[in-house]
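**Q** Dropping a prediction and its sequence here:
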Amino acid sequence: MPIVRGRNIEILFSAAEIARRNLELARDIAAREFHDLLVISILKGSFIFAADLIRCMHGAGLAPEVEFILISSYGAGTESGAVKILRDIDAAVAGRDVLLVDDILESGNTLKFTRGLVLGRGARSVSIAVLLDKRGRRQSGIEAEFVGFACPDRFVVGYGMDAAHTFRELPFVGAVTD
Ligand code: IMP
Ligand code: MG
């Protein structure tokens with residue numbers, strides 16, 4: 001078991017497994033024949049997944065435009081579930097097919113908010129790709145069209161995801177065990 005910052009990390013999804021799955025996801029995305037595709041990476045947690053996925057999408061013959069939105073959610077799991085934009089995208093979305101990319105779909109509050117935002121600006125369609133789906137925690141009716149892996153109900157870190165701003169750099173997804 002890797003030790004990082006003095007903590008034991010159990011590997012849940014290895015770098016190799018993730019790389020293989022990203023190739024499959026990119027092929028699934030390419031099969032949809034999206035038009036004028038705009039990928040929106042939801043920061044911060046999705047930055048590594050988005051970086052790998054768009055390169056796999058290139059390999060699958062796609063040429064998306066890429067944007068970033070910084071969203072803060074005040075406590076998935078709290079009574080408010082309030083979500084707010086900290087840094088918006090620059091591109092216009094009207095008439096375009098949009099693919100939202102996030103690390104984890106948990107309560108669904110973040111993606112419900114972001115999907116509503118983009119649809120409200122006139123996107124032709126909005127699809128969702130997430131690396132991990134914590135299905136048991138859903139509070140909204142949101143589902144992702146493209147899911148890397150079903151995630152156990154544990155707090156995970158790595159591959160962009162953090163615990164109190166640490167562990168984003170890990171090339172795998174893991175859980176702190178001590
Ligand atoms: P929700 O779907 O709005 O509840 O929020 C999901 C967001 O919460 C994800 O985009 C992550 O940023 C964060 N998150 C949820 N579960 C975890 C976890 O286990 N580790 C790290 N971040 C998480
Ligand atoms: Mg996030």
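**A** The structure has been received and is ready for your questions. Only a predicted model underlies this, so the values are computations on that prediction, with no experimental measurement involved. Residues are numbered from 1 along each chain as shown. Ligands and ions are numbered 1, 2, ... in the order given.
**Q** Those residues of the protein touching ligand 1, which are they?
**A** When proximity is defined by Cβ under 6 Å from any ligand atom, the chain lies next to ligand 1 at 45, 73, 76, 102-110, 155-156, 161. Yep, even glycine has a C-beta here, placed from its N, CA and C like the rest.
**Q** Could you list which of these belong to helices?
**A** Using DSSP state H, the members of the residues of the chain next to ligand 1 that fall in helices are Asn109, Thr110.
**Q** Among the residues of the chain next to ligand 1, name the buried ones.
**A** 45, 73, 76, 102-110, 156, 161 (16 or more other Cβ atoms under 10 Å).
**Q** tell me which of these is nearest to Leu38?
**A** Asp102 (14.9 Å; Cβ to Cβ).
**Q** on that earlier part again, Phe167: which of the buried ones among the residues of the chain next to ligand 1 is nearest?
**A** Taking these together and measuring to Phe167 by Cβ to Cβ, the closest member is Met161, at 7.3 Å.
**Q** Flag the shaky bits of the chain, pLDDT-wise.
**A** Along the chain, segments meeting pLDDT under 70 span 75-81.
**Q** Find the residue at the geometric middle of it.
**A** Asp102 (1.4 Å; Cα atoms, centre = their mean).
**Q** who's in contact with the closest residue to that one other than its chain neighbours?
**A** In this structure, Asp102 finds its nearest non-sequential neighbour in Ile42, 4.4 Å apart by Cβ to Cβ, 6 or more residues apart in numbering. Counting by Cβ atoms under 8 Å, 6 or more residues apart in numbering, Ile42 makes contact with Ile69, Ile71, Leu100, Val101, Asp102, Asp103, Thr110, Leu111, Thr114.
**Q** any idea which helix or strand comes after the helix or strand hosting the last one?
**A** Using DSSP states H and E, Thr114 sits in helix 109-120. Once the chain leaves helix 109-120, the next helix or strand it forms, by DSSP H and E, is strand 125-133.
**Q** and Val39, what does it touch?
**A** Ala50, Leu53, Ile54, Met57, Pro64, Glu65, Val66, Glu67, Val98, Leu99, Val101.
**Q** SS state for the third one?
**A** Put simply, Ile54 is helix when judged by DSSP: H, G, I helix; E, B strand; the rest coil.
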